[in-house]
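> model the structure of this input:
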Amino acid sequence: MHNAFALIEKSGKGYTWLAESADDKREWFEAVQKAINSNKPARGVSVFGAQVMAAVVSRPLAERIALVEAGATLMKYNQRDGKSGARWVRVSPDHAKIHWGDATKKSSTSSLPLKDAIAVMHGAKSSAFFKQQGAKKDHDYFCFSVVFEKRSLDFAATSAQALVDWYLALAALVPRSSEPLMEEDELRARIEGMAA
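This is a model prediction of the structure:
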């Protein structure tokens, strides 16, 4: 239809607006767009974007690898039921294994050999993230997975800095990833785009 545009609700229901002329269509479209933009919530500290990414420090790879060797608390999603909980996660000093365990005691009770990892993925792509049917508390842009032949380790970082450090360190330690690995600039741009 000439001189028409559609307005789609969040639920997916759509309305087609038909104007008498191209000028009327443009005028109505701009007015509706202005009303939509004026009603969008202001971006605050809870919204991840360019402001938050600007605060993320760029580090040498060796420093990032030292950080993952030292360990950090990450949210780990269970493969079985998708439930998440805080876990202490670290990479062994020889980079042979990734360990996880009790976050309070900072102890490791489980591990997998990193040489067996076949991919490092950014985002909530693994099935473990979707098993709670919308109950996932972490934003997709904070999530990443280390994928093995028969399972994956699915984590959510607790900060933007932790996400960037862990992803880039693991990308260096699992260089034969079946998922394309991103450099820091690509990762930053992807996170900003996902958070928009």
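
> chain center to the top helix by length along the chain, what's the gap?
In the chain, assigned by DSSP state H, the helix with the most residues is helix 22-38. Its chain's C-alpha centre and that of helix 22-38 lie 33 Å apart, by Cα atoms, centre = their mean, to the nearest Å.

> which SS class is the residue nearest to the spatial centre of the chain?
Centroid check for the chain by Cα atoms, centre = their mean gives Y141 as the closest residue, at 1.9 Å. Assigned by DSSP: H, G, I helix; E, B strand; the rest coil, the conformation of Y141 is helix.

> elements contacting the helix or strand just after the longest helix of the chain?
Note on helix 22-38: by DSSP states H and E, the next helix or strand toward the C-terminus is helix 50-54. In terms of contact count using 3 or more Cβ pairs under 8 Å, 6 or more residues apart in numbering; DSSP states H and E, helix 50-54 is assigned the packing partners helix 184-195. Yep, even glycine has a C-beta here, placed from its N, CA and C like the rest.

> which of the residues in the helix it packs on are buried?
For helix 184-195, a neighbour-count test (16 or more other Cβ atoms under 10 Å) marks E184, L187, R188, I191, E192, M194, A195 as buried.

> and if you look at stretch 54-66?
Buried residues in stretch 54-66, defined by neighbour count with 16+ other Cβ under 10 Å: V56, R59, R64, I65.

> circling back to that earlier point, which secondary structure elements does the longest helix of the chain contact?
Judged by 3+ Cβ pairs under 8 Å, 6+ apart, the packing partners of helix 22-38 are strand 4-8, strand 14-18.

> which residues touch that helix?
Helix 22-38 is contacted by residues H2, N3, A4, F5, L7, W17, A19 when judged by Cβ atoms under 8 Å, 6 or more residues apart in numbering.

> among those, which one has the lowest pLDDT?
The pLDDT minimum for the contacts of helix 22-38 sits at L7, where the score is 72.

> wait, that residue sits on L18?
No. In this structure, L7 is not within contact of L18 by Cβ atoms under 8 Å, at 11.8 Å.

> relative to D154, which of the buried residues of helix 184-195 is nearest.
M194 (16.6 Å; Cβ to Cβ).

> quick check: that closest one touching C143?
No. Contact criterion Cβ under 8 Å: M194 and C143 do not qualify, at 9.9 Å.
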